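>>> have a look at this fold, sequence not included:
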């Protein structure tokens, strides 16, 4: 069974940057489309970004376009989310998830436990 572990979260000031990693084990990562999601306290979970199996296709929420970049290294079984120009409203628990369908528009079947990002002066 695929297992996902997020890392790279932390505390950063507005305007700062972080790079999140999503490391996969148990099954080759290249079979799966991978999405990054976030959930802030009191808010619903939202999709931040997604990347296709090959990495050729990516998508972003409007709120992060131009600031966040998703990428993947299938040889390292890792997907990254580079976050620049961070804002306080980016504060949330960030999760990565994998779609067995290989399609970013499909259901996510496996989830990590999350990594916390806090953006504050």
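Thanks, I have the structure now. For clarity, every value in this text was computed on a predicted model and none was experimentally measured.

>>> for the spatially most central residue of the chain, which three-state class applies?
Taking CA atoms, centre = their mean as the criterion, residue 36 is the residue nearest the geometric centre of the chain, at 2.6 Å. Judged by DSSP: H, G, I helix; E, B strand; the rest coil, the three-state class of residue 36 is strand.

>>> let's have the chain start at 11 instead
That works, and once the first residue is 11, the last one we named lands at residue 46.

>>> please name the bridge partners of it.
Under DSSP bridges, the beta-bridge partners of residue 46 are residue 59, residue 106.

>>> give me every residue that touches it.
30, 32, 57-60, 80, 89, 91, 104-107 (CB atoms under 8 Å, 6 or more residues apart in numbering). From N, CA and C alone the C-beta is placed, and that goes for glycine too.

>>> one more time with 7 Å, if that's ok
58, 59, 80, 91, 104, 106 (CB atoms under 7 Å, 6 or more residues apart in numbering).

>>> so which of the residues you listed comes closest to residue 125?
Nearest to residue 125 among the contacts of residue 46: residue 104, at 5.5 Å, using CB to CB.

>>> what helix or strand is that closest one on?
If you go by DSSP states H and E, residue 104 is part of strand 102-109.

>>> give me the buried positions along that strand.
Residues of strand 102-109 classed as buried by neighbour count (16 or more other CB atoms under 10 Å): 102, 103, 104, 105, 106, 107, 108, 109.

>>> who are the packing partners of that strand?
Strand 102-109 sits against strand 13-17, strand 43-49, strand 120-121, strand 125-129, with contacts defined as 3 or more CB pairs under 7 Å, 6 or more residues apart in numbering; DSSP states H and E.
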